[in-house]
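In: Pasting the sequence and the predicted coordinates here, then a few questions.
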Amino acid sequence: MTSLTFYGGVNEIGGNKILLQDKDTKIFLDFGKSFSRRATYFEEYLNPRTSNGIVDFLTMGLVPDIQGVYRDDLMVMAGRKPETPEIDAVLLTHAHADHADYISFLHEDIPIHMGAACHLILKAIAERGQRSIEREILDYKPRPYNIKDAPIKRKVNEFRTGDKFKIGSLEVEPIHVDHSVPGAYGFIIWTSEGPIAYTGDIRLHGTHSEMTTDFIKRAKEVKPIALITEGTRIADKEKEESEKLVYDQSKKTVSESDNLVFADFNFKDVDRLMTFYNIAKETGRKFVVKINDAYFLKYLSQDKHLSVPNIDDEDIIIYLPKRGTGTYSDKDYKGNDKEFVDLHNCWTAEQISARPNKALCAIGFYSFTALIDMKVKPGARYIHSASEPYNEEQEISQERMDAWINHFGMHKFQSHCSGHARGQDLINAVSEIDAKMLFPVHTKHPDAYKKITENLTLIEEAKKYQI
């Protein structure tokens, strides 16, 4: 007997938590954070209490209240007895928070299977930021928290395309897909009833669309009994977009300026990272990155398949911000950051300001205080290479961003390419795979698939579906 139960990604973008049970084998496909559900109850100054462990998350429905899943220390804090884990593994499609973050709550004896590049990204994320109960994917410190406690490491099993592995009664074939982060995979999973395909997050207009095409081709070949597909943009209007278009537009913006240029994008998006790195080189500028983002260079440069420059690359400059005393004293930079501060290629704001036509700064809105120290002159350019605001909170941030840009007399440019497939591309992919059953997740418009199949299941949260 094979079944699917959806604990997240139901009528929402992200938050995927899909339980697949086959005979006595149970696995989760992703275990992500639901940003929309979290935002229903919490905001910047109202957050789940770390001191209360998992209780706030369970009570407010941010994680499902199911047995045999969560860490012993969190169960004790919740006034419950520790439970023997009943989940055999988690298959993680990629490193985005809405698919990965709430692995943090899972029992340490549950192995996590992920792509090699995904593992590198999660290492960078862990090293660059402070420990948080919602971001303890690779290891965690038991609660109640003691800073002196050694972290407990999770069991991580890496894979690449071409690998196959078994989990109980299941055989898993991961296949690389194109998304806005490297190390993203879809899965073909052989169950006792037949193969199930899971797209994860995909696109067909990116730099490596052939990888997604390979997944679609393979899924079609195996004739899946069920397809779990994302549908983020299934109802969106079509528009022209590609990474090449971002490159062409942004290179024109940079090459026509003798002033400072800033590029605001998600640094985990290696395609976008390499777009701006190459533009900087081709226009005679240095590519300036923040210390926080240098961690991604440190780790992703270890993967020869990505061709990401290392932190000591001759065309890379690390921006040294003011901290502590405000005097750039060595004692102002602590912990892991000292690794970068001691490098030869660090520039202060004053050094960047003195070379306005020699710097392309990967510095976005949340680091805009740097504009004060750089004494940005009118005419500087800001390239917003991310999605437009899609909720009220982001619209407020957009207003603040525009206020900063107007204050310094900067010119704003928009150039972006989504990490998710366009509606017609999704329709074509689902039609080609032609699964016996279709389960849309990661979408607010699952019914949009009605026009191409009668085998559509509009899923309900926590309901078990027999396959």
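Out: Received, thanks.
In: Compute the first-to-last residue distance for stretch 221-241.
Out: Start-to-end span of stretch 221-241 (CA to CA, to the nearest Å) is 29 Å.
In: can you give me how far that stretch is from the chain middle?
Out: Centroid separation between stretch 221-241 and its chain, computed with CA atoms, centre = their mean, to the nearest Å, is 19 Å.
In: can you pull the buried residues of it?
Out: Buried residues in stretch 221-241, counted by 16 or more other CB atoms under 10 Å: 222, 224-234, 241. In this view, the C-beta of every residue, glycine as well, is placed from N, C-alpha and C.
In: what sits against Asp402?
Out: When contacts are counted by CB atoms under 8 Å, 6 or more residues apart in numbering, Asp402 touches Lys412.
In: Give me the pLDDT value at it.
Out: What the model reports as pLDDT for Asp402 is 94.
In: Equivalent analysis for the one 10 residues further on, please.
Out: The predicted local distance difference test score for Lys412 is 97.
In: and if you look at the one 3 residues further on?
Out: Turning to Ser415, the model gives it a pLDDT of 96.
In: Not counting sequence-adjacent ones, nearest residue to the residue nearest to the spatial centre of the chain?
Out: Centroid-nearest residue in the chain: His96, 2.0 Å away (criterion: CA atoms, centre = their mean). Closest residue in space to His96, ignoring its immediate chain neighbours: Val181 at 6.0 Å, by CB to CB, 6 or more residues apart in numbering.
In: That neighbour: neighbour count?
Out: For Val181, the number of neighbouring residues by other CB atoms under 10 Å comes to 19.
In: Same check on the one 10 residues further on?
Out: Applying other CB under 10 Å, we find 22 other residues in the vicinity of Thr191.
In: so it makes contact with Asp22?
Out: Yes. Using CB atoms under 8 Å, Thr191 makes contact with Asp22 at a distance of 4.3 Å.
In: In three-state terms, label Thr229 for me.
Out: Classification of Thr229 using DSSP: H, G, I helix; E, B strand; the rest coil returns strand.
In: residue contacts, the nearest residue to it once chain neighbours are set aside?
Out: Spatially, and ignoring its direct neighbours in sequence, Thr229 is nearest to Thr199 (4.7 Å; CB to CB, 6+ apart). Contacts here follow CB under 8 Å, 6+ apart; on that basis Thr199 touches 177, 186, 215, 227-230, 429.
In: Any regions of the stretch 201-350 of the chain where pLDDT drops low?
Out: Along the stretch 201-350 of the chain, the model assigns pLDDT under 70 to no residue.
In: Now do the strands in it.
Out: Residue ranges of the strands in the stretch 201-350 of the chain, as given by DSSP state E, counting those that start in this stretch, are 226-230, 261-264, 286-290, 316-319, 346-347.
In: Check which residues of stretch 257-271 are buried.
Out: Within stretch 257-271, the residues scored as buried using 16+ other CB under 10 Å are 257, 260-271.
In: ugh, typo on my part, it should be stretch 403-412
Out: With burial defined by 16+ other CB under 10 Å, the residues of stretch 403-412 counted as buried are 404-405, 408, 410.
In: can you put these in TSV and add secondary structure and distance to Ile133?
Out: Shown next, in TSV, are the buried residues of stretch 403-412 (DSSP: H, G, I helix; E, B strand; the rest coil; distance: CB to CB, whole Å):
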residue	secondary structure	distance to Ile133
Trp404	helix	32
Ile405	helix	35
Phe408	coil	38
Met410	coil	38
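In: CA-only coordinates of stretch 402-417 in CSV, if you can.
Out: Listed in CSV are the C-alpha atoms of stretch 402-417, where the atom choice follows Å, rounded to 0.1, in the frame of the first residue of the first chain:
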residue,chain,number,x,y,z
ASP,A,402,12.8,54.0,-3.0
ALA,A,403,13.2,56.6,-0.3
TRP,A,404,16.9,55.7,0.0
ILE,A,405,17.4,55.8,-3.7
ASN,A,406,15.7,59.2,-4.0
HIS,A,407,17.7,60.6,-1.1
PHE,A,408,21.0,59.8,-2.8
GLY,A,409,19.8,60.7,-6.3
MET,A,410,20.4,57.2,-7.6
HIS,A,411,18.8,55.7,-10.7
LYS,A,412,16.9,52.4,-10.3
PHE,A,413,16.8,49.6,-12.9
GLN,A,414,14.7,46.4,-12.7
SER,A,415,16.0,43.2,-14.3
HIS,A,416,15.1,39.8,-13.1
CYS,A,417,14.5,36.2,-14.3
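In: So Tyr366 versus Asp201, what's the distance?
Out: In this view, Tyr366 and Asp201 are 23 Å apart by CB to CB, to the nearest Å.
In: before we move on, the earlier item: distance to Lys375 for the buried residues of stretch 257-271 - can I get that in CSV?
Out: Converted to CSV, the buried residues of stretch 257-271 look like this (distance: CB to CB, whole Å):
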residue, distance to Lys375
Ser257, 17
Leu260, 10
Val261, 15
Phe262, 14
Ala263, 19
Asp264, 20
Phe265, 24
Asn266, 27
Phe267, 25
Lys268, 30
Asp269, 30
Val270, 32
Asp271, 32
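In: And these, which is closest to Pro321?
Out: Distance to Pro321, by CB to CB, is smallest for Phe262 among the buried residues of stretch 257-271, at 14.5 Å.
In: With that, I have no additional questions.
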